[in-house]
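Q: next one to model:
(one chain, ligands or ions: 1)
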Amino acid sequence: MDDRTVLVLVVAVSVLAAAVLVIGAYAFWWGPMWWSRDTSPVPPAGTMGRWNMMGSMMGGMMGYMMGWCPCMQWMSGGGAVPQQPQQPTPPSRSPDVELTVYAGDFGFGLRPDSILSPGPELRVKVGSLVKLTVVNVGQAVHVLTVVRELREDPNAEPVFRGAAAGTPRNPIPPGSSVTVYFVADKEGTYYYVCNVPGHVSLGMWGRFVVEST
Ligand SMILES: [Cu+2]
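A: Numbers count the residues shown, from 1 in each chain. Okay, here's the model as predicted:
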């Protein structure tokens, strides 16, 4: 056999192998549908269906590539990490008051096994640096914001800078806690509320009193 014959044989075998692969794949994936004249892409109820199988395989591969390949992460938005409730860095001086409030379904308490609606009154001295930890012991998501007026408002800004543990868009998941620091710099009677829609009316609020020194 000369070189030319070998080349022709190799090409012929390659073409044959490719054809067998393509026809085989075609017959395997679409053959039964074709033979039964069922060209519907929707598989019969309760069966996996080849289209679904193809879809989940492609989806799985795509998902794997998205998670693995940096270029795909860049394409899909810079590989953003899932948002966690914000945990601000502690201030340099030590807090004057440390409060731990438990949020449950649907109220607040100073102990995990004592969730009240409305929640207990919290009192701090004016000017104190408050370290507030909110622990979600419920099944639902919750937040805690110190606000001026008792009303449900998912966009309510805290009355003291930083006095918001979670937001309705980024709440504290069940079993998690968030710690925030803020200075209670204005005397008066305020409220702490859970501004997840519907939760204030279910009793997720309490008085937050800032007393004179
Ligand atoms: Cu809530």
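
Q: which residues of this structure lie near the ion?
A: Within reach of the ion by Cβ under 5 Å from the ion, the chain has these residues: 142, 194, 196, 199, 204. Quick note: C-beta positions are derived from backbone N, CA and C, even for glycine.

Q: what sits against the third one?
A: When contacts are counted by Cβ atoms under 8 Å, 6 or more residues apart in numbering, Val196 touches 140-143, 154, 168, 171, 204.

Q: how about a cut-off of 7 Å?
A: The contact partners of Val196, taken as Cβ atoms under 7 Å, 6 or more residues apart in numbering, are 141-143, 168, 171.

Q: the second one too?
A: With contacts taken as Cβ under 7 Å, 6+ apart, Cys194 has the following neighbours: 103, 142-144, 200, 204.

Q: likewise the fourth one?
A: His199 is in contact with 106, 142, counting by Cβ under 7 Å, 6+ apart.

Q: coming back round to it: in helices only, show me the contacts of Cys194.
A: With helices taken from DSSP state H, there is no overlap with the contacts of Cys194.

Q: wait, which of those residues is closest to the ion?
A: Nearest to the ion out of the contacts of Cys194 is His142 (Cβ to the ion; 3.4 Å).

Q: if we ignore the residues flanking it in sequence, what's nearest the closest one?
A: Excluding its sequence neighbours, the residue lying closest to His142 (Cβ to Cβ, 6 or more residues apart in numbering) is Ala103, at 3.9 Å.

Q: let me know how buried that neighbour is, in neighbour terms.
A: Neighbour count for Ala103, taken as other Cβ atoms under 10 Å: 33.
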